[in-house]
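**Student:** predicted model, plus sequence, below.
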Amino acid sequence: MTVKRIVENAVQAKSEIEELTRQGFTHDDIYIFAHDKKRSDDITDALDTESVGMQEQGFLDSMKNMFSSRGDELRNKMEAAGLTAEDAADAERELDHGKLVLIARK
């Protein structure tokens, strides 16, 4: 089961994470994405959520992302976190407008 939420800021993200944990997700099941890498890393650390890494993507996709645009990297990571290619593209457009994308997957 994969759930996607779009929020405006870290305060709303925290509230959504609390709701997702009440629904049975753990912090390790939840991923947060922001278009700016530093913002994404800071919010992920502050809210104790998971990062998409080699385990979710695999070695080759992780290496490919090192040479991809930020948009391509984000779409690949969101797909690895459980979204379809179409949903990942839609979510990436939301990121372009400064929003945050939360993905929870069991």
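**Tutor:** Cool, got the structure. Numbering: from 1, shown residues only.
**Student:** the closest residue to residue 1 other than its chain neighbours: what's it in contact with?
**Tutor:** In this structure, residue 1 finds its nearest non-sequential neighbour in residue 106, 5.2 Å apart by Cβ to Cβ, 6 or more residues apart in numbering. Glycine gets a C-beta too; all of them are placed from N, C-alpha and C. Residues in contact with residue 106 (Cβ atoms under 8 Å, 6 or more residues apart in numbering) are 1, 24, 25, 29.
**Student:** from residue 48, how far off is the second one?
**Tutor:** Same thing as residue 24. From residue 24 across to residue 48, the span is 17 Å (Cβ to Cβ, to the nearest Å).
**Student:** what does the host helix or strand of residue 90 contact?
**Tutor:** Element membership for residue 90 (DSSP states H and E) is helix 85-96. By Cβ under 8 Å, 6+ apart, the residues outside helix 85-96 that reach it are 4, 6, 33-35, 71, 74-76, 78-79, 83, 101.
**Student:** lowest pLDDT pick from these?
**Tutor:** Among the contacts of helix 85-96, residue 71 carries the weakest pLDDT, at 81.
**Student:** excluding sequence neighbours, find me the nearest residue to that one.
**Tutor:** Sequence neighbours aside, residue 92 is the residue nearest to residue 71 in space, at 5.6 Å (criterion: Cβ to Cβ, 6+ apart).
**Student:** now the one you found: how far from residue 99?
**Tutor:** If you go by Cβ to Cβ, the gap between residue 92 and residue 99 works out to 10 Å.
**Student:** more crowded one of the two?
**Tutor:** Neighbours per residue (other Cβ atoms under 10 Å) separate residue 92 from residue 99, with residue 92 holding more: 21 against 18.
**Student:** am I right that residue 24 is in a strand?
**Tutor:** No: if the criterion is DSSP: H, G, I helix; E, B strand; the rest coil, then residue 24 is coil and not within a strand.
**Student:** dump the residue contacts of it.
**Tutor:** residue 106.
**Student:** recalculate using a threshold of 10 Å.
**Tutor:** 1, 104, 106 (Cβ atoms under 10 Å, 6 or more residues apart in numbering).
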